[in-house]
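Engineer: Here's a sequence, model it:
(2 chains)
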2 protein chains.
Amino acid sequence: MLPQNILSLGTTRSAIRELFEYGKKRKAEIGEDKVFDFSIGNPSIPAPDCLRTAINELLETEDAVTLHGYSSAQGDASVRNTIAEYLNSVHGTAFTGDNLYMTCGAAASLCISLRALLLPDEEVITFAPYFPEYKVFTEGQGGHLTVIPADTKSFQIDFDKLDAAINCNTKAVIINSPNNPSGVVYSEETIKKLAEVLERKSAELGREIYLIADEPYRELVYDDSITVPFVTKYYKNTIVCYSYSKSLSLPGERIGYILVPDEVTDSRLVYASVCGAGRSLGYVCAPTLFQHVAARCVGKTADISVYKKNRDLLYNGLTELGYDCVKPDGAFYLFVKALEDDANSFCEKAKNHELLLVSGDGFGCPGYVRISYCVATETIINSMPAFRALAEDYKK
Amino acid sequence: MLPQNILSLGTTRSAIRELFEYGKKRKAEIGEDKVFDFSIGNPSIPAPDCLRTAINELLETEDAVTLHGYSSAQGDASVRNTIAEYLNSVHGTAFTGDNLYMTCGAAASLCISLRALLLPDEEVITFAPYFPEYKVFTEGQGGHLTVIPADTKSFQIDFDKLDAAINCNTKAVIINSPNNPSGVVYSEETIKKLAEVLERKSAELGREIYLIADEPYRELVYDDSITVPFVTKYYKNTIVCYSYSKSLSLPGERIGYILVPDEVTDSRLVYASVCGAGRSLGYVCAPTLFQHVAARCVGKTADISVYKKNRDLLYNGLTELGYDCVKPDGAFYLFVKALEDDANSFCEKAKNHELLLVSGDGFGCPGYVRISYCVATETIINSMPAFRALAEDYKK
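Structural biologist: Numbers count the residues shown, from 1 in each chain, chains lettered A, B, ... in the order given. All right, here's what the predicted structure looks like:
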């Protein structure tokens, strides 16, 4: 007798993964360049040169026993100090290494944070469209995920619905900006309003409500006019979950951090609970070589200009063809209104034109599809006739 | 309001870590060479040359996007096939890559396996002396750990007590051989008897009882006459949890695997549950660079002859001084009978001679102390007068 909830997580393939596998098969049948695979959110650009330089230098200069040995559970102290100083230089904050806990990437950051905060059956709120693994991570740590329906006008936050959803069982709210799958960045106005609601509700209910800012796409923003508000400055009970997967193009290496600012109520207890949660989940320490690589590459990113080019080509191309898209300011996704109410059916019709799009249903936002533009630029250029033909199918 | 069980894991430092920190302070006070720090089980020898060669070759020849990109959740297929072939060549088994799930080290292997198997409040049995984190990992996955008291004659297994402990709530038994902290290797006779008991009890109770073989020390064995039985060949419902931390001296890099043989009842479902458990705990994939490093270093180990030398010096030295030690065949620990009933008090007296020994109480085996001999050989040689003086304290 196996735990059925866990087993079903292992037997049910995600819709995205399913489509990706279909794409691989289809490419083998008709040729790589004939299939326009927009299914997966994998970085398509190589890691910056600093990564290889850092690895080479570390291997040459550091003692192997120390370099590959255990770090403390919260991460190497010098690595954490370096990252704290970098954050301070960018955001004008006053963090130290003691505010940081190094993790095996964003998923680990989220699971550890949720395990650190949640009492059994407490609730976590997030906003559609949302990354579907939030439900897995929340339930895996004993909580329940409540999804606030999307504000499909602006893809910011529907505050009336949030207000109504918060109750005496609400422990945390997860936001993801720049957003997967909409590409939208929450404005400063949105963050201020969110802080106001959470402060008011915390006071009303007499309990802390934590804001978990899931920020793997923070650096992937394509216009100078856009800034991603640094959430700890707007709401004191903010915990930042970060990953280097996207910024340094190393999603397989599993390296990121949790930031617990001093402003958080009982900050040192929350940090200790993070340490306890890491132990409880089997995270002994984050991979040590890549802890040091992250510190040496601090402030660097892969060459994200390719994503900007892709974004512009795709957004402009689809808009010209009459598609209704949210303008994405960041991440590497475009969220497009399907040409019929049923996005799943729309995705099936898209397949007839060899376009692999992901239905918004899995992201809690029916009627939309996600297009991942972390692909070769030619894929976007060559896909335009297919998008045109797809649109024409609906004019018949 | 934070979860108190998780918080207390973060606030309570382990006795080992406490002693290690004391040692660092003491060394600063009186000099590195004056303190005989046997507290920590960190590999003290560098990784084998193949590690650096593998990293360099991988960085030079592999596409960076693929190399540092996500692997499938269960690990890169070619890596898993290579490891399966290696296991087959050594053990005469017939595994394929589909039997393997790559993990972030032994702690992850155990947590994922337990999460994959345990229904709420099911029991896991282990044998003293045991690695104390087993309790944390089991409780973190919703189970209860039952500890069978040590058989202090041979440090094999007290089967009468095991027999009495198994009940209709028992889901798994964890063994660790070569053992931390005793250094003892379970004999083939022990493994056969264990298999017999588990088979009989499974039949009696009408439920599967899984045997989890935690084997990070498998290769650390110092006499040709000693073989570590490969447990899957003796009991069908065996799951092996492995880590490269000790064999390749890279505990910080977090790389290991779970092996689910086809012989396990409903093997593919158990494997699927392992995949689901990994998702639920936030393990997206094992670090990709080190997955490939592990495959390229397959069958290699760090130069463990240093450990053998240390083992012999320490065991012979202490035995000559009249200490009562279990002869350790593997791992890098010696388990010694304290010279008084209270091992904690004995450890305090040892500190007067600058000897840092870990009380067996934390390992569920009072009256003994653990000496980690993964240290410089001189530390062992130079510590002998201190061990002599400590023994003389008890003759007064």
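
Engineer: Could you find the closest non-adjacent residue to A:Ile304?
Structural biologist: For A:Ile304, ignoring the flanking residues on the chain, the nearest one in space by Cβ to Cβ, 6 or more residues apart in numbering or on different chains is A:Leu220 at 5.7 Å. For every residue, glycine as well, the C-beta is placed using N, CA and C.

Engineer: How about the residues of the stretch 101-250 of chain A by chain B?
Structural biologist: A:104-105, A:107-112, A:115-119, A:133, A:136-137, A:139-140, A:207-208, A:249-250 (Cβ under 8 Å from any Cβ of the partner chain).

Engineer: Give the PyMOL command for selecting the buried subset of those.
Structural biologist: Selection of the buried residues among these in PyMOL, burial being defined by 16 or more other Cβ atoms under 10 Å in any protein chain shown:
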select buried, chain A and resi 104+105+107+108+109+110+111+112+115+116+117+118+133+136+137+139+140+208+249+250
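
Engineer: From the rest of the structure, what touches whichever strand or helix holds A:Val293?
Structural biologist: For A:Val293, the host element (DSSP states H and E) is helix A:288-296. Helix A:288-296 is contacted by residues A:50-51, A:53-55, A:57-58, A:62, A:67-71, A:75-76, A:78-79, A:82-83, A:102, A:244, A:248, A:250, A:253-255, A:285, B:252-253, B:287, B:289-290 when judged by Cβ atoms under 8 Å, 6 or more residues apart in numbering or on different chains.

Engineer: State the mean pLDDT of it.
Structural biologist: Averaged over helix A:288-296, pLDDT sits at 98.

Engineer: A:Lys337 contacts A:Leu318, correct?
Structural biologist: No. The criterion here is Cβ atoms under 8 Å, and A:Lys337 misses it with A:Leu318 at 10.2 Å.

Engineer: what do the two both touch?
Structural biologist: A:Cys325.

Engineer: what about these two, which has more around it?
Structural biologist: Each of A:Lys337 and A:Leu318 has its neighbours counted (other Cβ atoms under 10 Å in any protein chain shown); A:Leu318 has more, 21 against 16.

Engineer: show me the contacts for the spatially closest residue to A:Ile191 that is not a sequence neighbour.
Structural biologist: Take A:Ile191 and drop its neighbours on the chain: the residue closest to it by Cβ to Cβ, 6+ apart is A:Pro229, 4.5 Å away. Neighbouring residues of A:Pro229 by Cβ under 8 Å, 6+ apart: A:Tyr186, A:Ser187, A:Glu188, A:Ile191.

Engineer: Walking through the stretch 251-396 of chain A, point out its helices one by one.
Structural biologist: A:267-280, A:288-296, A:305-320, A:343-351, A:377-393 (DSSP state H, counting those that start in this stretch).

Engineer: in the fourth one, what's buried?
Structural biologist: So the one you mean is helix A:343-351. Neighbour count says helix A:343-351 has A:Ala343, A:Phe346, A:Cys347, A:Lys349, A:Ala350, A:Lys351 buried, by 16+ other Cβ under 10 Å.

Engineer: Okay, angle between that helix and helix A:377-393 too, please.
Structural biologist: Angle of helix A:343-351 versus helix A:377-393, following axes from the mean of the first three to the mean of the last three Cα atoms, to 10 degrees, is 110 degrees.

Engineer: Assign the residue nearest the centre of chain A to helix, strand or coil.
Structural biologist: Centroid-nearest residue in chain A, with Cα atoms, centre = their mean: A:Pro216, separated by 4.9 Å. Under the three-state scheme (DSSP: H, G, I helix; E, B strand; the rest coil), A:Pro216 adopts coil.

Engineer: What's the local residue count around the closest residue to it other than its chain neighbours?
Structural biologist: If the residues on either side of it in the chain are set aside, A:Pro216 comes closest to A:Ser243, at 4.2 Å by Cβ to Cβ, 6+ apart. Counted by other Cβ under 10 Å, the residues lying close to A:Ser243 total 27.

Engineer: Only C-alpha atoms, please: export stretch A:266-280 in PDB.
Structural biologist: Provided in PDB are the C-alpha atoms of stretch A:266-280 (Å, rounded to 0.1, in the frame of the first residue of the first chain):
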ATOM      1  CA  ASP A 266      10.700  37.000  14.900                       C
ATOM      2  CA  SER A 267      13.200  36.900  12.000                       C
ATOM      3  CA  ARG A 268      15.700  34.700  13.700                       C
ATOM      4  CA  LEU A 269      13.100  32.200  14.600                       C
ATOM      5  CA  VAL A 270      11.800  32.100  11.000                       C
ATOM      6  CA  TYR A 271      15.400  31.600   9.800                       C
ATOM      7  CA  ALA A 272      15.800  28.800  12.300                       C
ATOM      8  CA  SER A 273      12.600  27.200  11.100                       C
ATOM      9  CA  VAL A 274      14.000  27.400   7.600                       C
ATOM     10  CA  CYS A 275      17.100  25.600   8.800                       C
ATOM     11  CA  GLY A 276      14.900  23.000  10.500                       C
ATOM     12  CA  ALA A 277      12.800  22.600   7.400                       C
ATOM     13  CA  GLY A 278      15.800  22.000   5.200                       C
ATOM     14  CA  ARG A 279      16.900  19.200   7.600                       C
ATOM     15  CA  SER A 280      13.500  17.700   7.600                       C
END
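
Engineer: Name the residues of it that come out as buried.
Structural biologist: Here stretch A:266-280 shows A:267, A:269-280 as buried, counting by 16+ other Cβ under 10 Å.

Engineer: among these, which are in reach of chain B?
Structural biologist: A:Leu269, A:Val270, A:Tyr271, A:Ala272, A:Ser273, A:Val274, A:Cys275, A:Gly276, A:Ala277, A:Arg279, A:Ser280.

Engineer: And the lowest-mean-pLDDT helix or strand in chain A, what does it pack against?
Structural biologist: One helix or strand of chain A scores below all others by mean pLDDT, DSSP states H and E: helix A:15-30, with a mean of 89. Helices and strands touching helix A:15-30, by 3 or more Cβ pairs under 8 Å, 6 or more residues apart in numbering or on different chains; DSSP states H and E, are strand A:36-37, strand A:355-356, strand A:358-359.

Engineer: Contacts only, for the residue nearest to A:Asn344 when sequence neighbours are not counted.
Structural biologist: Leaving aside its sequence neighbours, A:Asn344 sits nearest to A:Ser359 (Cβ to Cβ, 6+ apart; 4.8 Å). Contacts for A:Ser359 (Cβ under 8 Å, 6+ apart) come out as A:Ala15, A:Ala338, A:Ala343, A:Asn344, A:Phe346, A:Cys347, A:Pro366, A:Val369, A:Arg370.
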